[in-house]
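Enquirer: Sequence and predicted structure are below.
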Amino acid sequence: MTTTRFQSAAAEDTAAGQPKLHIVTFGCQMNKYDSLLVEGKFKGSGYATTDEMSEADVILFNTCSVRDHAEERTFSWLGELKQAKQDNPDLVIGVMGCMAQRVGEEIFRRAGHVDIVAGTRKFQHMSELVDQLRERRADPERYRAKDLRLVATGTDEEVEFERGAMNYSGGQHAYLAVMRGCDLNCTYCIVPTTRGRVQSKAMDEIIAEARWMVSQGAKVITLLGQTVNSYGEDFPKPAAGEPAGSGRQGRPSLGDVLRQLQQIDGLVRVRMITMHPAYLTRDLAEAVRDCDKVDRFLPIPAQSGSDDILRAMKRGYTTELYRKRVEMLREIVPDVELGSDWIVGFPGESDADFDATETFLEEIGFVLNYVFKYDPRPTTHSAEELSDDIETAVKKERNQRLLRKSEQVATLRLGRYVGQTVQVFVEDLSDRKEGVVHGRSIHGIPVSFAGDADLIGREASVVIQQASAYGMHGVLADAN
Ligand code: SAM
Ligand code: SF4
């Protein structure tokens, strides 16, 4: 998961007097998706979006808590708006997402000019909260300063948006959350606290949302979830006589979702982030094999290659179990590529533990790796119970070493594609080299080749000529 910041979706023509919204999004793809949902709802109540923060009447921050750095960046952005709020007291500033959930009203203490804080199970009401604030501001006789700060961080609700009424604004690449929250308890992780318990979306709603996106121009859909492959585990098992899915005890599974998405005309690719090794089932592997729209790239974070550290992290698997699951997966989908997240410098990580991680990355042959330095997050088990005893310099050094190992492994794996023809979904024009287009292969690997804008949004067969650790270059053989 990344901590990228995304600006509001493209601004559009606005009618005079129409209020304007700007959303700054930090964190993962789930946040990007949630920001689009919020934008859609605001648009439905008469707002336009703007790329210019200085033009906005409402500025929202969709935030991340996974590492401290992400929270500090949000506070620094908020700090920059203090003057803007003084110059324009009508401005509304809201904070939503994981940091809003974790920090709650404390946000007002560090950033007194924030008006609204809405957590991960309440942000769907952001436009109503803005209306409520505006009404209160308009009635100073009745409402005092303390009434002009709204907080909604309860976890009693399911997140629901009526998207059918919205204009889809996600372009050819759409995100779709099939589940939210996490029922696991990795000792370092803040997510179960900020995102709450697992809530899978009903299968018919997923398919309806996917059809709606495709009808409005989406070609690639990335299915999102903290442990996306545990989809359906929280549903009750079907009663006798009810249709059975392929999941545990007849529950619907992610494999069932993939098989249904495969049927949607106009949908070209399906991707998924992020998986947990414990839920890597034969059913899922067979669905990937049977559905040619599904990327042969699966992100299945291992986090560490040391069994002692995995146990201390309470990941719920050993390296042996991970290895067995990957063997099963590669038997069924021989050309699958894998990605992983890793935490280095977890409490007690010895040189031998770290060496085991390097060896495991190489053994499994992960082609894409995100490496994070352990960061004790307040209230997590590891922060409260274990000493953050690995020096910063050692964490940095291990981080660098693992990234170098990742480069070596990726260079070798991508080198295998030289001379082969791969299927590429073309995403955009290169902004550095004229006459070159970028896309991603069915194995999730970035590919560039000479081509023009006509190819964007189409699948192309590309003969690979060169490969590095970060992508491949080739020549167009054929386009669909
Ligand atoms: N659900 C996914 C899984 O189980 O692997 C990952 C979700 S987590 C939000 C994204 C990544 O952030 C994790 O895979 C982990 O590598 C990293 N991460 C989470 N907590 C962290 C912490 N306290 N310190 C450093 N990295 C952390
Ligand atoms: Fe966090 Fe573990 Fe859940 Fe992933 S599986 S979100 S790392 S608690």
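Expert: Structure's in. What do you need? Residues are numbered from 1 along each chain as shown. Ligands and ions are numbered 1, 2, ... in the order given.
Enquirer: residues from the chain in reach of ligand 2?
Expert: Within the chain, the positions near ligand 2 by CB under 6 Å from any ligand atom are 182, 184-186, 189, 191-192, 226-227, 276. Where C-beta positions appear, they are placed from N, C-alpha and C, glycine not excepted.
Enquirer: and if we set it to 8 Å?
Expert: When proximity is defined by CB under 8 Å from any ligand atom, the chain lies next to ligand 2 at 182-186, 188-192, 195, 226-227, 274, 276, 301, 303, 315.
Enquirer: Mind checking which of these land in helices?
Expert: Taking DSSP state H as the definition of helices, these contribute 191-192, 195.
Enquirer: What about ligand 1: which of those touch it?
Expert: residue 191.
Enquirer: could I get the ones in helices among the residues of the chain next to ligand 2 as a markdown table with pLDDT?
Expert: As requested, these are exported to a markdown table (pLDDT from 0 to 100):
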| residue | pLDDT |
| --- | --- |
| 191 | 94 |
| 192 | 94 |
| 195 | 92 |
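Enquirer: Go through the ones in helices among the residues of the chain next to ligand 2 and name the one nearest ligand 1.
Expert: Comparing these against ligand 1 with CB to the nearest ligand atom places residue 191 closest, at 4.9 Å.
Enquirer: Wait, the closest one touches residue 97, no?
Expert: No: Residue 191 lies out of contact with residue 97 (CB atoms under 8 Å); the separation is 11.8 Å.
Enquirer: Of these two, give the one with the bigger neighbour count.
Expert: residue 97 (29 against 22; other CB atoms under 10 Å).
Enquirer: From residue 24, how far off is the more buried one?
Expert: Separation of residue 97 from residue 24 (CB to CB, to the nearest Å): 11 Å.
Enquirer: Now do the shared contacts for those two.
Expert: By CB atoms under 8 Å, 6 or more residues apart in numbering, residue 97 and residue 24 have these common neighbours: 61-62.
Enquirer: Contacts only, for residue 213.
Expert: Counting by CB under 8 Å, 6+ apart, residue 213 makes contact with 168, 170, 174, 176, 221.
Enquirer: Columns secondary structure, pLDDT and neighbour count on top of these, output as TSV?
Expert: Output for these, formatted as TSV (DSSP: H, G, I helix; E, B strand; the rest coil; pLDDT from 0 to 100; neighbours: other CB atoms under 10 Å):
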residue	secondary structure	pLDDT	neighbour count
168	coil	69	18
170	coil	70	19
174	strand	94	23
176	strand	95	22
221	strand	97	25
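Enquirer: can you tell me which of those lies nearest to ligand 2?
Expert: residue 176 (18.3 Å).
Enquirer: I figured residue 462 hits residue 418, correct?
Expert: No: at 11.8 Å, residue 462 does not count as touching residue 418 under the criterion of CB under 8 Å.
Enquirer: Name the residue in those two with the higher neighbour count.
Expert: Taking other CB under 10 Å, residue 462 and residue 418 do not tie; residue 462 has more neighbours (28 against 14).
Enquirer: quick one: that one from residue 473, how far?
Expert: 9 Å.
Enquirer: what sits in contact with each of those two?
Expert: Contact criterion CB under 8 Å, 6+ apart; residues shared by residue 462 and residue 473: 447, 449.
Enquirer: which one in the protein is furthest away from the centre?
Expert: residue 141 (44.3 Å; CA atoms, centre = their mean).
Enquirer: pretty sure it belongs to a helix, no?
Expert: No: read with DSSP: H, G, I helix; E, B strand; the rest coil, residue 141 is coil and lies in no helix.
Enquirer: Tell me how far it lies from ligand 1.
Expert: Distance, residue 141 to ligand 1, by CB to the nearest ligand atom, to the nearest Å: 46 Å.
Enquirer: quick one: residue 94 and residue 61 touch, right?
Expert: Yes: the pair residue 94 and residue 61 passes the contact test of CB under 8 Å, sitting 7.3 Å apart.
Enquirer: quick one: stretch 229-245 near ligand 1?
Expert: No: interface with ligand 1: stretch 229-245 contributes nothing (CB under 8 Å from any ligand atom), its closest point being 9.6 Å away.
Enquirer: I'd like the average pLDDT over that stretch.
Expert: What stretch 229-245 shows for mean pLDDT is 94.
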